[in-house]
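Chemist: here is the input, now give the coordinates:
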Amino acid sequence: MSRILPLRSSWDPGPDDTSFYPDDLPEEWRLTYFANALDAVLLGEDIWRQADAQLMERWCRDVPDSFRFYLRTEESGEGFSGCSSLHGCLGERLGGWLVPPDRHGESDLRGSCYAMVDAVTAAADSRAPALACAVPDGLVTDLRAARAWLETYAAAARGRPALALMGQSRFEDVRRWQALVQLLGVG
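Modeler: Take a look at the predicted model:
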């Protein structure tokens, strides 16, 4: 069965997450707090391209050894070569790259590449070694419906690693998905 990892975009709170972080928690401690509640984070290019090696090294020190960073990119090939040093900065904490489905075979990316698919049916048809699919909006808070979606996604992934992209969902909803994934045995 596939290992599915629910993944939230960024550790910054959304408008519905005002109670996740304690009021007196310094902003520079948010990543550590986040990483103790969730297993990984997805960072868009707007975040990781602005981070220098020193900041990424601090990120790695601020999270448990098991925490992973997933980086989303639209580039590959020559346009991507300048960013290959990120693998060295994040080391084992680099969970993988999320790339468009037509670029999942690019050899310039070091580490696992997750091909972004737009639906579970596309996951079943994909030849990518690892998959990333956005969770439909209505399922984020409906765990009964989420169960069916996760089971279908796991079957479509056919044993491949898979990410369930939850965007800026509430932290608590992502934690519930993590628990559901564990209960279903797909995590």
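Chemist: what are the phi and psi values for A132?
Modeler: The phi/psi pair for A132 (degrees, to the nearest 10) reads phi -140, psi 130.
Chemist: pretty sure V117 is one of the things it touches, is it not?
Modeler: Yes. At 7.0 Å, A132 and V117 qualify as touching, with contact defined as C-beta atoms under 8 Å. C-beta coordinates here come from the backbone N, C-alpha and C atoms, glycine included.
Chemist: between these two, who's got more neighbours?
Modeler: Ranked by neighbour count (other C-beta atoms under 10 Å), A132 and V117 place A132 first, with 27 against 24.
Chemist: how near is that one to C60?
Modeler: 22 Å (C-beta to C-beta, to the nearest Å).
Chemist: which element is Y114 on?
Modeler: Here Y114 sits within strand 113-117, counting by DSSP states H and E.
Chemist: which parts of that strand are buried?
Modeler: Buried positions in strand 113-117, judged by neighbour count with 16 or more other C-beta atoms under 10 Å: C113, Y114, A115, M116, V117.
Chemist: could you list every residue that touches the second one?
Modeler: What that stands for is Y114. 70, 96-99, 104, 128, 130-132, 161-163 (C-beta atoms under 8 Å, 6 or more residues apart in numbering).
Chemist: repeat that for the third one.
Modeler: Residues in contact with A115 (C-beta under 8 Å, 6+ apart) are V99, P100, P101, R103, H104, S126, A128, A130, L131, A132.
Chemist: any idea which helix or strand comes after the helix or strand of the chain with the lowest mean pLDDT?
Modeler: Sorted by mean pLDDT, DSSP states H and E, the helices and strands of the chain end with helix 85-90, the least confident at a mean of 73. Next along the chain after helix 85-90, taking DSSP H and E as the criterion, comes strand 94-99.
Chemist: ok and that next one relative to strand 113-117, angle-wise?
Modeler: 40 degrees (axes from the mean of the first three to the mean of the last three C-alpha atoms, to 10 degrees).
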